[in-house]
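Colleague: I'd like to go over a predicted model; first the sequence, then the structure.
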Amino acid sequence: QLQLVESGGGLVQPGGSLRLSCASSGFTLDNYAIGWFRQAPGKEREAVSCVERGDGTTYYADSVKGRFTISRDNAKNTVYLQMNSLKPEDTAVYYCARGLPEGCEYGMDYWGKGTLVTVSS
């Protein structure tokens, strides 16, 4: 059964760090791009970052560039999102998703259930 399970969310103070994990099962992770998205209360879901299969090219939203880092460990079937210098506006439910075979820009077909990140003092 195909699954994506996010973990690592929680409450953190502004300026702090968190590392989110996206554990996959039911498919071969290294054959797919994986993306991270977030949805803040009352706002639309937005793309945060994506990592391609193969060469591992990465993409970031302007709002997180320089603060967030996406990485993948195909041997562990896991994709990570390291989030540093967190701001209150990073507060959201974070989701990981599997990309279509064509890559990050072509959409996602399976989604995890999300993990909540709250940045507050």
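Modeller: Happy to help now that I have it. Numbering: from 1, shown residues only.

Colleague: how far out from the middle of the chain is the helix or strand harbouring residue 50?
Modeller: Using DSSP states H and E, residue 50 maps to strand 46-51. Centroid displacement of strand 46-51 relative to its chain, using C-alpha atoms, centre = their mean, to the nearest Å, is 6 Å.

Colleague: For it, C-alpha coordinates in CSV please.
Modeller: Written as CSV, here are the backbone C-alpha positions of strand 46-51 (Å, rounded to 0.1, in the frame of the first residue of the first chain):
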residue,chain,number,x,y,z
GLU,A,46,1.4,26.6,-1.3
ALA,A,47,4.5,24.7,-2.6
VAL,A,48,7.5,25.0,-0.4
SER,A,49,10.2,22.8,-2.0
CYS,A,50,10.7,19.8,-4.3
VAL,A,51,13.5,17.4,-5.0
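
Colleague: packing partners for that strand?
Modeller: strand 34-39, strand 58-60, strand 68-73, strand 78-83 (3 or more C-beta pairs under 8 Å, 6 or more residues apart in numbering; DSSP states H and E). C-beta here means a position set from N, CA and C on the backbone, and glycine is covered the same way.

Colleague: Okay, angle between that strand and strand 68-73 too, please.
Modeller: If you take axes from the mean of the first three to the mean of the last three C-alpha atoms, to 10 degrees, strand 46-51 sits at 40 degrees to strand 68-73.

Colleague: Note down every partner strand of strand 46-51 and its orientation.
Modeller: Strand 46-51 pairs in its sheet with strand 34-39 (antiparallel), strand 58-60 (antiparallel), by DSSP bridges.

Colleague: Of these, which is nearest residue 21?
Modeller: strand 34-39 (10.8 Å; C-beta to C-beta).

Colleague: for the residue positioned nearest the centre of the chain, what are its contacts?
Modeller: Centroid-nearest residue in the chain, with C-alpha atoms, centre = their mean: residue 36, separated by 2.6 Å. Residue 36 makes contact with 20, 22, 47-50, 70, 79, 81, 94-97, according to C-beta atoms under 8 Å, 6 or more residues apart in numbering.
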